[in-house]
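Chemist: Provide a 3D model corresponding to the input given below.
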Amino acid sequence: MSVTTRTPAGPAHRTGGGRAVVVTGGASGIGAAIAAAFEAQGDSVIILDRSPGGGIEVDVADEYSVRAAFAEARQQLGIIDVLVNSAGLLTESRLEDMSLHRWNETISVDLTGIFLCCREVVGPMRDQRWGRIINISSQLGIKGGTGLAHYSAAKAGVIGMTKALALEVSADNVLANCIAPGPIETPLVEGISEDWKAAKRTELPLRRFGTPDEVAPTALLLASDPGGNLFVGQTLGPNSGDVMP
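Modeler: This next block holds a predicted model:
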């Protein structure tokens, strides 16, 4: 993880390389692949994750933990140009059997956590008149999934919140968008039953799950200048064909 301290500069320096990037949930899975992709093009990356040793430790569902983590990130980076919200929780339960605790836990991490992290960067990004916010949703937020009502609801909320945020901040050159991957081979899906995963593979036109490295380039696109400059409140779907808008 490379970190440099910089002072704000004009948009010209953000054409790729040299930007300050924060990735939540960046210690594994999609987040790790995205963090590595930004580092590979010369950006300074800080990982925020609940796993100690992966960067700055944070509980994205806790307001005070988020506030402290972003204060530390800003201290190290100086400014934040790009935020990628990839921290997430995935469990399986049919709605009729689901406890309120499981529902609330998923909403807290997968939706409220993204709200809290976005709130930390929006003001400074507007002040510097440049920023990119990339929220990881899911194709299940578009189409739903059996045994995943809580997860689908949270991810649908991420899409709606991102659209609303984009309307609020895009005039200040802060662009908010979503990535809604299909099933990806990550530690996040390990808790899902093999029966569910086997059935899902047969539904996919590609007949396979994706890999984190196949998702990461979408984040680079959305953060790029000029390549990402016209994406406002959009949801891009590297999803093996599971959803075709």
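
Chemist: every contact and neighbour count from this point should use C-alpha atoms.
Modeler: Will do.

Chemist: now the helix or strand bottoming out on mean pLDDT in the chain: buried residues?
Modeler: Here the helix or strand of the chain ranked lowest by mean pLDDT, DSSP states H and E is helix 194-203, holding a mean of 91. For helix 194-203, the neighbour count (16 or more other CA atoms under 10 Å) marks K197, K200, R201 as buried.

Chemist: export that helix as PDB, just CAs?
Modeler: Presented in PDB, the C-alpha positions along helix 194-203 are these (Å, rounded to 0.1, in the frame of the first residue of the first chain):
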ATOM      1  CA  GLU A 194     -23.500 -24.800  -2.800                       C
ATOM      2  CA  ASP A 195     -27.000 -25.600  -4.100                       C
ATOM      3  CA  TRP A 196     -27.700 -21.800  -4.500                       C
ATOM      4  CA  LYS A 197     -24.400 -21.300  -6.300                       C
ATOM      5  CA  ALA A 198     -24.900 -24.300  -8.600                       C
ATOM      6  CA  ALA A 199     -28.400 -23.100  -9.600                       C
ATOM      7  CA  LYS A 200     -27.100 -19.600 -10.200                       C
ATOM      8  CA  ARG A 201     -24.400 -20.800 -12.500                       C
ATOM      9  CA  THR A 202     -26.900 -22.600 -14.700                       C
ATOM     10  CA  GLU A 203     -28.900 -19.300 -15.000                       C
END
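
Chemist: mind naming the longest helix for this protein?
Modeler: Under DSSP state H, the helix in the chain containing the largest number of residues is helix 149-169.

Chemist: from the contact counts, what lies against it?
Modeler: helix 100-107, helix 113-128, strand 131-136, helix 140-143, strand 174-179 (3 or more CA pairs under 8 Å, 6 or more residues apart in numbering; DSSP states H and E).

Chemist: would you mind finding the most buried of these?
Modeler: strand 174-179 (a mean of 28; mean count of other CA atoms under 10 Å).

Chemist: what strands flank it, and is each parallel or antiparallel?
Modeler: Within its sheet, and counting by DSSP bridges, strand 174-179 is paired with strand 131-136 (parallel), strand 235-236 (parallel).

Chemist: let me have those strands in JSON lines, extended by distance to D213 and mean pLDDT.
Modeler: Below are the strands paired with strand 174-179 laid out as JSON lines (distance: least, CA to CA, whole Å; pLDDT from 0 to 100):
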{"stretch": "strand 131-136", "distance to D213": "14", "mean pLDDT": "98"}
{"stretch": "strand 235-236", "distance to D213": "15", "mean pLDDT": "98"}
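
Chemist: make JSON lines from the ones you listed and add distance to L116 to it.
Modeler: As requested, the strands paired with strand 174-179 are arranged in JSON lines below (distance: least, CA to CA, whole Å):
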{"stretch": "strand 131-136", "distance to L116": "12"}
{"stretch": "strand 235-236", "distance to L116": "20"}
